[in-house]
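S.K.: test case, fold it:
(one chain, ligands or ions: 2)
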Amino acid sequence: IKTETDEVLLWTCETILTPRWLHRRFRAMTGPLLTCRFQDPEPADSSMEEESDTRKINNSFLRDQNYATEADIISTVEFNSSGELLATGDKGGRVVVFQREQESKSQPQRRGEYNVYSTFQSHEPEFDYLKSLEIEEKINKIRWLPQQNAAYFLLSTNDKTVKLWKISERDKRPEGYNLKDDDGRIRSPSTITSLRVPVLQPMDLMVEATARRVFSNAHTYHINSISVNSDLQTFISTDDLRVNLWNLEITDRSFNIVDIKPANMEDLTEVITSAEFHPQQCHTFAYSSSKGSIRLCDMRQAALCDKHCKYFEEPEDPSTRSFFSEIISSISDVKFSHNGRYLMTRDYLTVKVWDLQMENKPLETYQVHDYLRGKLCSLYENDCIFDKFECVWNGSDSVIMTGSYNNFFRMFDRNTKRDVTLEASRENSKPRAILKPRKVCVGGKRRKDEISVDSLDFSKKILHTAWHPHENIIAVAATNNLYIFQDKVN
Ligand SMILES: *[C@@H]1O[C@H](CO)[C@@H](O)[C@H](O)[C@H]1NC(C)=O
Ligand SMILES: *[C@@H]1O[C@H](CO)[C@@H](O)[C@H](O)[C@H]1NC(C)=O
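M.R.: Ligands and ions are numbered 1, 2, ... in the order given. Reported below is the predicted structural model:
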């Protein structure tokens, strides 16, 4: 809004329908976010060129020093269902696939290291001309499809478009064509005097990634999750207000199965934050909301699953209610256990395990970083309160893992009720060293090797982690670094 005094008031700059947006809207009612005044344009700067040069140098310098450039920040991590492959996606739209090395008898300490297998550009930045919006290339989620032939298939998504990628190996090349010579030049038919049979010749192994399908134009809002159905024929893609069901073979249409968009957007109070199919029942899926609830839907009941069949929510304790209650109860991730009996949800301060047979309260609640409860005001100011932490089960559903700040991540053993805080960092752990548990101290006395809440680094956050489906191997993404930890080798 430009005022008479030539001031520009910026009321809201977010177009994303996330809980953050809902709260920005709230803020906008209390005053502008930013006020600025028009000024004459700066005179052309002669030092421009020099500056862009030094930026280039700095960039490569930064890369060498392993500082993150924005594009290198890892935005998702996922093992395939045998754990032999591990895929990461980043903000620059790239997918990197790692493959586990075969065990070698001569070097037992190199048990199952993961090496880069294939790297490809999955998404490019785009521009939506109708809405004047930039579409980021950032990979929001990756999901593997079960292997059915020699090639591997995965789905990757940014805010708007899901792609099906085929990753295949090639170690032979056809040679001895009749109509072209070995360099590919077309031979003149008059020079062809004899016929040969083309043969396959061995060559160096090449790994190729090709986009096999592009599922686009079905989401008005931002896709936050994709999930492959156990029928292996369909998948869902979910944005802030809708869930769409696709057939993996068909790209020109999808079915809208959940739509929570109110007739009037002013009435919007809740957005969808995550959704996942049940691991065995192909008609069941769950989705979580910014109000802290989870809905379980059965696709057999109706084509449109607007009516849930189960609704999981913990009643709010009125004595602890505050301005932040709703924000911190927003669920950032929902995951079915491998056996399909439980649901795990992550909100800002806790991880909860729900029994599918009990809707009124969680079975288990684990505190991830309760010491932040007293710092919610500053975490709101620096936007950290809107961080979306993910959570994962181990292969037997007995341990759960989720991230925190200061490159800390937490593990909770559901049987022994023991928990541990570990740190993924280059400074504090050498390769192959054993991770030492970390402790955060609250209150006055700080013991040696404890870290105080006030010195936690909130720019270092572990949002994305993955657990090998059958072994104690975990992958932890810390900004632009991927850490792989495994059980101690005896
Ligand atoms: C996972 O990847 C490995 C490749 O090393 C492959 O052998 C395995 O079949 C894949 N597993 C599944 C279930 O797709
Ligand atoms: C899950 O974690 C427990 C405890 O560390 C371990 O005993 C079990 O083997 C793990 N399961 C899998 C499949 O990794």
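S.K.: so how many other residues sit close to the residue of the stretch 101-250 of the chain found nearest ligand 2?
M.R.: Nearest residue of the stretch 101-250 of the chain to ligand 2 (Cβ to the nearest ligand atom) works out as Gly112 at 13.4 Å. For glycine as for every other residue, the C-beta is placed from the backbone atoms N, C-alpha and C. Gly112 sits with 17 neighbouring residues when counted by other Cβ atoms under 10 Å.
S.K.: with adjacent residues omitted, what lies nearest to it?
M.R.: Excluding the flanking residues, the one nearest Gly112 by Cβ to Cβ, 6 or more residues apart in numbering is Arg100, at 4.9 Å.
S.K.: next: Glu471.
M.R.: Using Cβ to Cβ, 6+ apart and skipping residues adjacent in sequence, the residue nearest Glu471 is Gly83, 6.4 Å away.
S.K.: and if you look at Leu86?
M.R.: Nearest non-adjacent residue to Leu86, counting by Cβ to Cβ, 6+ apart: Phe98, 4.4 Å away.
S.K.: so that neighbour bridges to which residues?
M.R.: Note on Phe98: beta-bridge partners Leu86, Val116, judged by DSSP bridges.
S.K.: in three-state terms, label the one residue in the stretch 351-490 of the chain that gets nearest to ligand 1 for me.
M.R.: In the stretch 351-490 of the chain, the residue that lies nearest ligand 1 is Pro469 (8.7 Å; Cβ to the nearest ligand atom). Assigned with DSSP: H, G, I helix; E, B strand; the rest coil, Pro469 falls in the coil class.
S.K.: and the strands in the stretch 301-450 of the chain?
M.R.: Ranges of strands within the stretch 301-450 of the chain are 310-312, 333-336, 342-346, 350-355, 364-367, 391-393, 399-403, 408-413, 419-423, 439-441, 450-452, based on DSSP state E, counting those that start in this stretch.
S.K.: can I get these in a markdown table with mean pLDDT and distance to ligand 2?
M.R.: Output for those, formatted as a markdown table (pLDDT from 0 to 100; distance: least, Cβ to the nearest ligand atom, whole Å):
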| stretch | mean pLDDT | distance to ligand 2 |
| --- | --- | --- |
| strand 310-312 | 95 | 24 |
| strand 333-336 | 98 | 15 |
| strand 342-346 | 98 | 14 |
| strand 350-355 | 97 | 14 |
| strand 364-367 | 96 | 15 |
| strand 391-393 | 98 | 9 |
| strand 399-403 | 97 | 4 |
| strand 408-413 | 97 | 6 |
| strand 419-423 | 94 | 10 |
| strand 439-441 | 89 | 20 |
| strand 450-452 | 90 | 25 |
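S.K.: as TSV, the ones you listed with mean neighbour count and distance to Asp231 would be great.
M.R.: Below are the strands of the stretch 301-450 of the chain laid out as TSV (neighbours: other Cβ atoms under 10 Å; distance: least, Cβ to Cβ, whole Å):
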stretch	mean neighbour count	distance to Asp231
strand 310-312	17	21
strand 333-336	24	15
strand 342-346	24	20
strand 350-355	21	24
strand 364-367	16	30
strand 391-393	23	22
strand 399-403	24	27
strand 408-413	21	32
strand 419-423	18	37
strand 439-441	15	44
strand 450-452	14	47
